[in-house]
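Asks: Kindly generate the corresponding structure for this input.
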Amino acid sequence: MKVSEIRKKVDQVVSITLIIILALMVLNVSYQVFTRYFTDTPSSFTDELSRYLMIWLGILGAAYIAGRNQHVSIDILVNKFSPKWKTIVWHFTNWSIILFAVFGLIIGGGHLVYITLILNQNSPTLSIPLGVVYLIIPLSGLLVVFYKVTQKKPI
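Replies: Residues are numbered from 1 along each chain as shown. Below is the predicted model:
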């Protein structure tokens, strides 16, 4: 299987996951609004669940956008460079992103997951381990590294 085919499959899985998370958020917030305004007993878990779904959507979405190379960038200066310097800047940028993903997301996020699981920290309302909530951080880091390592040079 070619790298481009693997990237397509990973993109497909991540995009479907993001769609499911967004749909769950919409349903959850709709239920929250319904219970708050139309019943006498507002839902107690929906606020926490929507917060955790937003965390997953934001962090996983950032990894997906990094993989599609659609993140926000200011390239007015780079566009004035020669092709040689554009290549140098491209490599520097990609390696900076990879290093951040490895040290900040994979190692740092993995440490956060480990600590919260060891300390047996659970969410107050849902009582799920916070390590599960934070697991998206190292997973997204792995995705970013995968995407950046397998990315074709656009220049």
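
Asks: residue boundaries of the strands in the chain?
Replies: Counting by DSSP state E, the chain has no strands at all.

Asks: how close does the closest residue to R36 other than its chain neighbours get to S123?
Replies: Leaving aside its sequence neighbours, R36 sits nearest to P42 (CB to CB, 6 or more residues apart in numbering; 4.5 Å). C-betas here are computed from N, CA, C, even on glycine. As for P42, its distance to S123 is 18 Å (criterion: CB to CB, to the nearest Å).

Asks: Please apply the same query to T41.
Replies: Relative to S123, and taking CB to CB, T41 is found at 20 Å.

Asks: Look at those two and report which has more neighbours.
Replies: S123 (16 against 7; other CB atoms under 10 Å).

Asks: OK, contacts around the more buried one?
Replies: Contact partners of S123, counting by CB atoms under 8 Å, 6 or more residues apart in numbering, are E48, Y52, P129, L130, V133.

Asks: Try it again at 7 Å.
Replies: Going by CB atoms under 7 Å, 6 or more residues apart in numbering, S123 touches E48, L130, V133.

Asks: how near is the nearest residue in space to the last one that is not next to it in sequence to T46?
Replies: Just to be clear, that refers to V133. Nearest residue to V133, sequence neighbours excluded (CB to CB, 6+ apart): Y52, at 5.0 Å. Distance, Y52 to T46, using CB to CB: 11 Å.

Asks: same question, K8
Replies: 35 Å.

Asks: Give me the more crowded residue out of these two.
Replies: A direct count of neighbours by other CB under 10 Å for K8 and T46 places T46 higher, at 20 against 11.

Asks: What is the neighbour count of the residue lying closest to that one once chain neighbours are set aside?
Replies: Among residues not flanking T46 along the chain, Q32 sits closest, at 3.7 Å (CB to CB, 6+ apart). The tally of other residues near Q32 (other CB under 10 Å) stands at 18.

Asks: Contacts only, for Q32.
Replies: Contacts of Q32 by CB under 7 Å, 6+ apart are S43, T46, D47, S50.
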